[in-house]
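Chemist: A predicted structure for the sequence below; I have some questions about it.
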Amino acid sequence: MAKKKTVYSCTECGASFPAWSGRCPSCGSWNTLTEEKVSKKSVKEQAKPSYSKPEPISKVKSTQAYDRISTGISTLDQALGGGMVAGQVILLSGEPGIGKSTLLLQVSSNIAEKNRVLYITGEESAHQVQLRAERIGALKDNLLVLSETMLEAVEEAVKTEKPDLIVLDSVQTVYSTELDSSAGSVSQVREVSSRLTELAKSLEIPLIIVGQVNKEGSIAGPKVLEHLVDTVAQFEGERGHAYRVLKIIKNRFGAAGEMAVFSMEDRGLKEVANPSSFFLAERPVGRAGSIIFPFTEGSKPVLVEVQALVSKTVYAVPQRKTQGFDINRLSIITAIIEKETGVFLKDRDIFVNVVGGITVKEPAADLPVALAILSSLKNIPLPEGMSAFGELGLTGEVRSVYYTEHRIKEAKRFGFDRIIVPASTDVEDKALIKVKNIQEAVKVIDGAVK
């Protein structure tokens, strides 16, 4: 008979312990240990395992000629490295209501034009999925919907139907009867994801798994979930904005860091083939505190507008607020400006916004943010055709960043003929203005900011 025991698993790192404690001994997170009752079956005697013989890597036969499966969305195919691969497991995460189910239903409908798709939903009924599919025009005979939360039933359906694509929405709603813990627990998520991944790879069927996020915005469940899959995709966007960005964080069949941009419309998500023009469509001309930054995820650059507002504070402690930019990085940039340029900001409120709701985490945005702050402080607009990128060091130096040529090409494509770049940039172009430190950058814009 199966033995039952109680363990306490960390919802952050997935480590298990025999007793509860306020802080996880493995990752140090507080109040993350949850009680789980695990049923452990007796181990039967197994045959001696066989293994393949190791061989020199130089003699391994190439298997890189993957047959790609198109999602029917060109920008998404490009982000995935050309489409999906047979047996590839993709983990898609994002905030509730961001559009994950809508995107997957559109992809499923596109593939169902010629192939069979099994759409497994544990969060909605089949009728709810049908209503959404009718609204966005995704009704296809080859698109099979299964409302199921038991893992064993899901496995049986996959083996019976033998689809060309499996979609699971979401992994936190499915449970295995072999474990006593509830659906969504660390042990259940680990068990469900590992068994479905093994099944998809053995049958060479692409599998897309939807993963819920926690309150910090990270993928919920054990970290092993991200290591287990081939591709991790993050779906981002603000509820008040029309755009959505799909970022490829990890990809074993292509380059990581790529992205695809969509706009949310009445009939679902529409791909944005030219994101730069989308984000610059409502850019104000001749206003202080605005500058264009060539932002990049992977090798695909996108021009975004960085805005800053500097005003006299009425509080004892000045405010520092950001939207789409790291507030801690803003504090560092403010300190660098004060120390290296002699500008006094201790009595000023500073607000920074990356227009469109996009989130910028790369250090290349340091220089544009600093220039936008100086422009707003003096209330004098920067030249209309000016763009900038570069990382700021603590001593005020402007450091080089990656994908320099891609950023410059995208900026010039939209008519920006004055691009402030790090002095170490090895690209020669008359549109480039190379600066070594923030003092030189201020001198460059001295015609606008004095």
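Modeler: Everything's here; your move.

Chemist: Kindly point out the strands partnered with the longest strand that the chain contains and how each is oriented relative to it.
Modeler: What stands out as the longest strand in the chain, according to DSSP state E, is strand 300-312. Its sheet considered, strand 300-312 pairs with strand 290-297 (antiparallel), strand 348-354 (antiparallel) by DSSP bridges.

Chemist: who touches the shortest one?
Modeler: The one in question is strand 348-354. Taking contacts as C-beta atoms under 8 Å, 6 or more residues apart in numbering, the residues outside strand 348-354 that touch it are 304-313, 315, 318-325, 330, 334, 360, 365, 369, 372-373, 377. Every residue, glycine included, has its C-beta placed from N, CA and C.

Chemist: check contacts around residue 296.
Modeler: So residue 296 contacts 302, 362, 364, 402-403, 406-407 (C-beta under 8 Å, 6+ apart).

Chemist: so how far is residue 252 from it?
Modeler: Using C-beta to C-beta, to the nearest Å, we find residue 296 at a distance of 22 Å from residue 252.

Chemist: What of residue 152?
Modeler: Distance from residue 152 to residue 252, by C-beta to C-beta: 28 Å.

Chemist: Verify the contact between residue 109 and residue 143 for me.
Modeler: Yes: with contact defined as C-beta atoms under 8 Å, residue 109 counts as touching residue 143 (6.1 Å).

Chemist: Return every residue with contacts to both of those two.
Modeler: Shared contacts of residue 109 and residue 143, defined by C-beta under 8 Å, 6+ apart, comprise residue 133.

Chemist: of the two, who's got more company?
Modeler: Applying other C-beta atoms under 10 Å to residue 109 and residue 143 shows that residue 143 carries more neighbours, namely 25 against 21.

Chemist: Find the nearest non-adjacent residue to the more buried one, please.
Modeler: Nearest residue to residue 143, sequence neighbours excluded (C-beta to C-beta, 6 or more residues apart in numbering): residue 112, at 4.1 Å.

Chemist: mind checking how far that neighbour is from residue 270?
Modeler: In terms of C-beta to C-beta, residue 112 sits 19 Å off from residue 270.

Chemist: Next, residue 402: secondary structure please.
Modeler: For residue 402, the secondary-structure state derived from DSSP: H, G, I helix; E, B strand; the rest coil is coil.

Chemist: what about it, how many residues close to it?
Modeler: That count, for residue 402 with other C-beta under 10 Å as the rule, works out to 12.

Chemist: what residues are up against it?
Modeler: With C-beta under 8 Å, 6+ apart, residue 402 has these contacts: residue 296.

Chemist: Determine which two of the contacts of residue 296 are furthest apart.
Modeler: Farthest-apart pair in the contacts of residue 296 is 302 and 402; separation 14.8 Å (C-beta to C-beta).

Chemist: rewinding a little: which among the contacts of strand 348-354 count as buried?
Modeler: Buried subset of these (neighbour count, 16 or more other C-beta atoms under 10 Å): 304-310, 318, 320, 322, 324-325, 330, 334, 360, 365, 369, 372-373, 377.

Chemist: What helix or strand is residue 260 located in?
Modeler: Using DSSP states H and E, residue 260 maps to strand 259-265.

Chemist: Likewise for residue 191?
Modeler: helix 186-203.

Chemist: Return the distance of the following helix or strand past that helix from the chain's centre.
Modeler: With elements assigned by DSSP H and E, the helix or strand that comes after helix 186-203 is strand 207-211. In terms of C-alpha atoms, centre = their mean, to the nearest Å, the centre of strand 207-211 is found 14 Å from the chain centre.

Chemist: now could you export just the CA positions of strand 207-211 as CSV?
Modeler: The C-alpha trace of strand 207-211 is given here as CSV (Å, rounded to 0.1, in the frame of the first residue of the first chain):
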residue,chain,number,x,y,z
LEU,A,207,3.4,21.4,-26.4
ILE,A,208,2.5,24.9,-25.2
ILE,A,209,2.0,25.2,-21.4
VAL,A,210,0.4,28.3,-19.8
GLY,A,211,2.0,29.1,-16.5
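
Chemist: Show me what that strand is packed up against.
Modeler: strand 89-94, helix 100-111, strand 165-169, helix 186-203 (3 or more C-beta pairs under 8 Å, 6 or more residues apart in numbering; DSSP states H and E).

Chemist: Is residue 382 in contact with residue 445, as I believe?
Modeler: Yes: using C-beta under 8 Å, residue 382 makes contact with residue 445 at a distance of 6.1 Å.

Chemist: Kindly point out which residues are neighbours of both of those two.
Modeler: Both residue 382 and residue 445 are contacted by 371, 375, under the criterion C-beta under 8 Å, 6+ apart.

Chemist: So which of these two has more stuff around it?
Modeler: Using other C-beta under 10 Å, the more surrounded residue of residue 382 and residue 445 is residue 382, with 26 against 22.

Chemist: re earlier: and the residue nearest to residue 143, what's its pLDDT?
Modeler: What the model reports as pLDDT for residue 112 is 95.

Chemist: What's the local residue count around it?
Modeler: By other C-beta under 10 Å, 22 other residues sit near residue 112.

Chemist: residues in contact with it?
Modeler: 140-143.

Chemist: closest to residue 119 among these?
Modeler: Distance to residue 119, by C-beta to C-beta, is smallest for residue 143 among those, at 6.3 Å.

Chemist: Quick check: the gap between the closest one and residue 113.
Modeler: In this view, residue 143 and residue 113 are 10 Å apart by C-beta to C-beta.

Chemist: The longest strand of the chain - what's its average pLDDT?
Modeler: The average pLDDT for strand 300-312 rounds to 93.

Chemist: Repeat that for stretch 199-210.
Modeler: Confidence over stretch 199-210 (mean pLDDT, whole number) is 95.

Chemist: Show me what that stretch is in contact with.
Modeler: Here stretch 199-210 has contacts from 69, 84-93, 100-101, 104, 107, 155, 158-159, 162-171, 193, 196-197, 229, using C-beta under 8 Å, 6+ apart.

Chemist: What subset of those is buried?
Modeler: Looks like the contacts of stretch 199-210 have 69, 84-93, 100-101, 104, 107, 155, 158, 163-171, 193, 196-197, 229 buried, using 16+ other C-beta under 10 Å.

Chemist: Mind listing the residues bridging to residue 320?
Modeler: Assigned bridge partners for residue 320, using DSSP bridges, are residue 350.

Chemist: got the strands paired with strand 300-312 as CSV, with mean pLDDT and distance to residue 242 columns?
Modeler: What follows is those, written out as CSV (pLDDT from 0 to 100; distance: least, C-beta to C-beta, whole Å):
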stretch, mean pLDDT, distance to residue 242
strand 290-297, 91, 18
strand 348-354, 96, 15
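
Chemist: Residue 371: how many residues sit nearby?
Modeler: Counted by other C-beta under 10 Å, the residues lying close to residue 371 total 29.

Chemist: Over to the one 4 residues further on?
Modeler: Other residues lying near residue 375 total 24 when counted by other C-beta under 10 Å.

Chemist: do the same with residue 135
Modeler: Residue 135 has 14 neighbouring residues, counting by other C-beta under 10 Å.
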